[in-house]
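Undergrad: Fold the stuff below for me.
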Amino acid sequence: PSLTSLKQLKNNGVENMKAIKFTKVALEKLKHTNKTYRVQDQQTVGLSIEVRATPSKLKVYYAEWSNIVIDKNGNQKRWGSRRKVCRYGQKPIEAVKKVVNINLDDWKKDTSQSSSKRTLTHLVSDFKRALPTAFRKASGKKIKYKKKTINSYIALLDCYVLALTDNSTTKQMLTAPYNVDGTNYYKKILADIPLTELGKRDIKIWHSRLEQKPIAANRALAALSVAMDWDSQRPIPAYKETNPCLRIAKYTENKDKAYIEDLPKVLEIVKYCNEQLYRDPQFLCFILLLLEIGERLEDCFGLAWKKPINIADQKKCSGWIIFEKKEIYLRDSKNRKDATIGLTDVAFKALMKLQDLVTDADTAASWAVGSMWVFPRPTDNTLPINNSSYRSKTRDFLFKFGMATRELVRVNRKVNGHRGKRSVYKYTNILTLKHLRKTYVTYYGRENGLEAASLRMRHSSMEVTKNHYFNEDQDKLKVKTMYGTSDNVVELKKAANDQE
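TA: Numbers count the residues shown, from 1 in each chain. Next up, the predicted model:
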């Protein structure tokens, strides 16, 4: 339905009457006259009905609102608009009120940019605002986006679609003229393209601009596709065409299946964590637990010592320890399903030891006494750890066990016999803590088989386990002979026509 200016209505002789409470009886009493007039509802903001003059003699529901736009000079302009809802009698009055209440804000947004063309920036901005309350479809159900997913989408869209980044290289990729076919240069910037002009070619060229960052390009394309799909579900979509992100070829991604290849090194780390647990109890127990149960970092961050009584506290946890059964209850952060993980003897003894150290007043773990968390945040033991909590300790630990290298940046110097600035190193990770999970899956799978490893890790298929986590033992894939040994070959009778 087209939008109409309220000023134009007045010029056409449409008169206003006082507002009334819209009920079936009250609306029936509105009589047709020689002049068209409109009446507003006292209860529903923005709802009105127009009683048209002869010869049409119609009553039509409209949604009305006021638009405010600030021009380049900072001057504020205001005008009224309205949108046809339906004719009187086509829908019950309560249904009409509901339609207006639900859609009025979106209709206002749709016309607030009428003085200038809406661009992809406006669509993405609307999507970002709606993300906390938006839903995605999964197996026929509506599921709210996880906070981690929301933050990831916003970061990708801000950086690679809206070009809101301080990285000069990335900014150059997104904004510099792009050589399309060796002769012609594409100068458009994706975020500034009006939605009426946006097409699949623009998305393809934007994706090609990010060729040097293939993984980021694929992730950003997926995030933008979700935003376009969300927009298509709105009562008034900002983009009127089919999702332009569909069926665009993605870059090949190399699967990161790195793990600790040297088994003695794994055993050395386990032994070190056990023997030195008293030095840094929480951190070393955390490392040991990652190796012994193979769960994701995020799922181990929020572990509680026991099941909280309060349901609100239970929702804050990623899981808790069940000491009587030597198990951990987890709420899987990936598939959001409950899982019960059996603890190995090594992991169980380490957790018991950590609990003793926490309750002892003269240990390095006593600062965490009274906290519900197994791994409380060093700066505030009422909160669990996060990705930043063990950053420096993790860096030193990885370097100690050969999983990181370092390069000297500045040498420690003495000035007049006094110690000056400390030596500064640049660290480069070969492996990170996330590779401890891949290490666990690899050795578990080699011992129990790929199918068992896939079931243990609760993956949707063995293909996921194989492509992202499991590394075959190449030595076991080799054989010296096939179909028996060379000493056990059965002589075949010579055929009658064989010649000696």
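Undergrad: On the three-state scheme, the residue nearest to the spatial centre of the chain is what?
TA: In the chain, the centroid-proximal residue (C-alpha atoms, centre = their mean) is residue 149; its distance is 1.6 Å. Three-state assignment for residue 149 (DSSP: H, G, I helix; E, B strand; the rest coil): helix.
Undergrad: Quick one: end-to-end distance for stretch 270-282.
TA: 14 Å (C-alpha to C-alpha, to the nearest Å).
Undergrad: Contacts for that stretch, please.
TA: 284-285, 287-288, 291-292, 346, 349-350, 353-354, 357-358, 363-365, 368, 374-376, 393, 401 (C-beta atoms under 8 Å, 6 or more residues apart in numbering). Where you see a C-beta, it was placed from the backbone N, CA and C, and this is true even at glycine.
Undergrad: repeat for stretch 357-373
TA: Residues outside stretch 357-373 that contact it (C-beta under 8 Å, 6+ apart): 277-282, 302-305, 308, 313, 354, 376, 378, 381-385.
Undergrad: rerun at 6 Å
TA: The contact list for stretch 357-373 (C-beta atoms under 6 Å, 6 or more residues apart in numbering) reads 281, 304, 376, 381, 384.
Undergrad: Likewise for stretch 459-470?
TA: For stretch 459-470, using C-beta under 6 Å, 6+ apart, the contacting residues are 255, 438, 441, 442, 445, 450, 453, 454.
Undergrad: Narrow those residues to just the buried residues.
TA: Listed as buried from the contacts of stretch 459-470 are 438, 441, 442, 445, 450, 453, 454; burial here means 16 or more other C-beta atoms under 10 Å.
Undergrad: and of the residues you listed, the nearest to residue 431?
TA: residue 438 (8.9 Å; C-beta to C-beta).
Undergrad: quick one: which of the contacts of stretch 459-470 sit in strands?
TA: Of those, none are assigned to strands by DSSP state E.
Undergrad: how much space between residue 193 and residue 440?
TA: 46 Å (C-beta to C-beta, to the nearest Å).
Undergrad: More neighbours: which of the two?
TA: Comparing residue 193 with residue 440 by other C-beta atoms under 10 Å, the one with more neighbours is residue 440, at 23 against 18.
Undergrad: From start to finish, how long is stretch 168-181 in a straight line?
TA: 25 Å.
Undergrad: How about stretch 39-48?
TA: Termini of stretch 39-48 sit 6 Å apart (C-alpha to C-alpha).
Undergrad: what distance separates it from the middle of the whole chain?
TA: Offset of stretch 39-48 from its chain centre (C-alpha atoms, centre = their mean, to the nearest Å): 40 Å.
Undergrad: same check, this time on stretch 327-347
TA: Distance, centroid of stretch 327-347 to centroid of chain: 22 Å (C-alpha atoms, centre = their mean).
Undergrad: Then stretch 170-184?
TA: In terms of C-alpha atoms, centre = their mean, the centre of stretch 170-184 is found 29 Å from the chain centre.
Undergrad: next one: stretch 87-99
TA: For stretch 87-99, the distance to the chain centre is 39 Å (C-alpha atoms, centre = their mean).
Undergrad: rewinding a little: from the buried ones among the contacts of stretch 459-470, pick the one nearest residue 236.
TA: Closest to residue 236, out of all of those and judged by C-beta to C-beta, is residue 454, at 45.1 Å.
Undergrad: Give me the pLDDT value at the closest one.
TA: For residue 454, the model assigns a pLDDT of 93.
Undergrad: my hunch is that residue 381 is in a strand, does that hold up?
TA: Yes. Judged by three-state DSSP, residue 381 forms part of a strand.
Undergrad: what's the neighbour count on it?
TA: By other C-beta under 10 Å, 17 other residues sit near residue 381.
Undergrad: Pop out the phi and psi values for the closest residue in space to it that isn't next to it in sequence.
TA: Using C-beta to C-beta, 6 or more residues apart in numbering and skipping the chain neighbours, the partner closest in space to residue 381 is residue 371 (4.1 Å). Backbone torsions for residue 371, taken as degrees, to the nearest 10, come to phi -80, psi 140.
Undergrad: Quick one: the helices in the stretch 151-300 of the chain, in order.
TA: For the stretch 151-300 of the chain, the helices defined by DSSP state H, counting those that start in this stretch cover 168-175, 200-209, 214-232, 263-275, 281-293, 297-301.
Undergrad: Just say which of those is most tucked in.
TA: helix 281-293 (a mean of 22; mean count of other C-beta atoms under 10 Å).
Undergrad: Distance from the chain centre to it, please.
TA: Remark: helix 281-293 is offset 27 Å from the chain centroid, using C-alpha atoms, centre = their mean.
Undergrad: any idea of the mean pLDDT in it?
TA: pLDDT averaged over helix 281-293 gives 95.
Undergrad: Please name the residues that touch residue 120.
TA: Residue 120 neighbours (C-beta under 6 Å, 6+ apart): 191, 193.
Undergrad: With residue 202 instead?
TA: So residue 202 contacts residue 193 (C-beta under 6 Å, 6+ apart).
Undergrad: Quick check, pLDDT for it.
TA: In this model, residue 202 carries a pLDDT of 94.
Undergrad: any idea how far residue 258 is from it?
TA: 37 Å.
Undergrad: now do residue 393
TA: 21 Å.
Undergrad: now residue 299
TA: Distance from residue 299 to residue 258, by C-beta to C-beta: 20 Å.
Undergrad: how many neighbours does residue 157 have?
TA: 24.
Undergrad: typo on my end, it should be residue 196
TA: Quick note: residue 196 (other C-beta under 10 Å) scores 12 neighbours.
Undergrad: excluding its backbone neighbours, what's nearest it?
TA: residue 117 (6.4 Å).
Undergrad: Need the pLDDT of that neighbour.
TA: 70.
Undergrad: same deal with residue 448?
TA: 93.
Undergrad: The one 10 residues further on now?
TA: Model confidence at residue 458, expressed as pLDDT, equals 91.
Undergrad: Just confirm it is within a strand.
TA: No. Read with three-state DSSP, residue 458 is coil and lies in no strand.
Undergrad: who's in contact with it?
TA: Residue 458 makes contact with residue 339, according to C-beta under 6 Å, 6+ apart.
Undergrad: Please apply the same query to residue 187.
TA: Contacts of residue 187 (C-beta under 6 Å, 6+ apart): residue 177.
Undergrad: related to what we said a few turns ago, only whichever of the contacts of stretch 270-282 are buried, select them in ChimeraX.
TA: Only the buried entries of these go into this ChimeraX selection, using 16+ other C-beta under 10 Å:
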select :284,285,287,288,291,292,346,350,353,354,357,358,363,364,365,368,374,375,376,393
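Undergrad: re the thing from before, my guess is the residue nearest to residue 196 contacts residue 195, does it?
TA: No. Using C-beta atoms under 6 Å, residue 117 is not in contact with residue 195; the gap is 7.4 Å.
Undergrad: Fine by me, we can end here.
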